[in-house]
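1. Sequence plus predicted model, see below.
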Amino acid sequence: MFYKEKINFTLSFLLFFSLALQAQDNKRKPKNQPLVSHIYTADPSAHVFNGRIYIYPSHDIDAGTKEDDEGGHFDMKDYHVLSMDKVGGKVTDHGVALDIKDVPWAGRQMWAPDAVWKNGTFYLYFPVKDKEDVFRIGVATSKKPEGPFKAEPEPIKGSYSIDPSVFKDKDGQVYMYFGGIWGGQLQRWKDNKYQGKTDNPKKGEVARLPRIAKMSADLKSFAEEPKEVKIVDEKGNLFMEDNNDKRFFEAAWVHKYNGKYYLSYSTGDTHNLCYAIGSSPYGPFTYKGVLLKPVQGWTNHHSIVQHQGKWYLFYHDVQLTGKTHLRNVKVMELKYNADGTIKTLDAYTD
Ligand code: FUB
């Protein structure tokens, strides 16, 4: 009898506790709604072309691929481009812009892309595993921002890992930033040479750094060997893997504000978007803080763009599905403090 009462008491307590937690979570309402809900989208790279906002996201699907430690369930097979005349305006899905079957060297997993314009041509950069299951970065071109894009027959020579993002400086020079650890394979590369499969970075090691390469004039190759981009603390020290709430994991993005270069990125397993400021596209970048607090879902990936005098953060969460690999892109305004730092954003109400 006593035993039964004890079980009942424990069950009631657990029920009360889980209801309290749920109530707390329900109060955290998303501040913004998905930009589209007829397809799943993530990793939004936004740009303004001809005054219109174009978004180059990953196109999430439920491919039925088993989840593993390397993100095998992110098994995407094509890209769609979204566009809108202004934030809050109607969002157009332009359909398939590039299909994996039209990339001769591709094996599987089309991850986060980005795009740039030069001399009447749009360039789409995309990471995908090659036939040996090693991530490389490809390039495809189109005369229209929404595509369709035609892929080059080979990946960019010397490219590796994931999350290419392209930044065009005021003088017209284009730079590519790339890299991501764990499933993004950055830890497999040292001095731009492939080391084969390795363990994930460990505590006690210096954190891996994103890479930068100046693009050649035709934007189809690197004009130099990729270099590491240093992200340092206020004392000029590199982060250790132990500082996993601040160190680089994936999703590098660079924008310029008041003549300074801002490198923002995801901390992956601690789910922050952080940012650091520098005086050159090559860095070093000094860590400044959290840009966006963790969102619902595991990944946190973004872009920052200015349109009609305001700055916007494009990001994603999993509001539509609750599933890590089926995400939805969103947007919210971003604001700077007078000293050039960015006000930390939270995608949910308290
Ligand atoms: O979308 C697949 C991967 O998830 C991206 O490449 C990462 O940045 C993470 O968002």
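-> Yep, it's here. Numbering: from 1, shown residues only.

2. what about the residue nearest to residue 51 when sequence neighbours are not counted, neighbour count?
-> In space, and not counting its chain neighbours, residue 51 is closest to residue 85: 7.8 Å by Cβ to Cβ, 6 or more residues apart in numbering. C-beta here means a position set from N, CA and C on the backbone, and glycine is covered the same way. Residues lying near residue 85 (other Cβ atoms under 10 Å) number 14.

3. If I look at residue 85, what pLDDT would I see?
-> Per-residue confidence (pLDDT) for residue 85: 98.

4. near the ligand, which residues of the stretch 251-350 of the chain show up?
-> By Cβ under 6 Å from any ligand atom, the residues of the stretch 251-350 of the chain that approach the ligand are 251, 299, 301.

5. which residues of this structure fall in helices?
-> 2-27 (DSSP state H).

6. What parts of the stretch 1-150 of the chain come near the ligand?
-> In this structure, the stretch 1-150 of the chain approaches the ligand at residues 42, 43, 58, 74, 111, 112, judged by Cβ under 6 Å from any ligand atom.

7. List the contacts of the third one.
-> The neighbours of residue 58, taking Cβ atoms under 8 Å, 6 or more residues apart in numbering as the test, are 41, 42, 43, 74, 76, 79, 110, 111, 112, 113, 327.

8. CSV for the residues of the stretch 251-350 of the chain next to the ligand, including distance to residue 342 and pLDDT?
-> Below are those laid out as CSV (distance: Cβ to Cβ, whole Å; pLDDT from 0 to 100):
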residue, distance to residue 342, pLDDT
251, 16, 99
299, 20, 98
301, 17, 98
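
9. Quickly note the distance from residue 48 to residue 325.
-> 29 Å (Cβ to Cβ, to the nearest Å).

10. Compare the two (neighbour count), which wins?
-> Using other Cβ under 10 Å, the more surrounded residue of residue 48 and residue 325 is residue 325, with 24 against 14.

11. tell me the contacts of the more buried one?
-> 60, 62, 67, 73, 74.

12. Give me the pLDDT for the fourth one.
-> Residue 73 is assigned 97 on the pLDDT scale.

13. next one: phi and psi at it?
-> Torsion angles at residue 73 (phi, psi; degrees, to the nearest 10) stand at phi -80, psi -10.

14. and the nearest residue to it once chain neighbours are set aside, how many residues sit next to it?
-> Residue nearest to residue 73 in three dimensions, not counting chain neighbours: residue 67, with 4.2 Å by Cβ to Cβ, 6+ apart. If you count neighbours by other Cβ under 10 Å, residue 67 ends up with 12.

15. And residue 67, how close does it get to the ligand?
-> As defined by Cβ to the nearest ligand atom, to the nearest Å, residue 67 lies at a distance of 13 Å from the ligand.

16. Does the residue nearest to residue 51 touch residue 53 like I think?
-> Yes - using Cβ atoms under 8 Å, residue 85 is in contact with residue 53, at 7.5 Å.

17. Quick one: the residues of the stretch 251-350 of the chain next to the ligand as TSV, columns for neighbour count too.
-> Shown next, in TSV, are these (neighbours: other Cβ atoms under 10 Å):
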residue	neighbour count
251	28
299	23
301	29
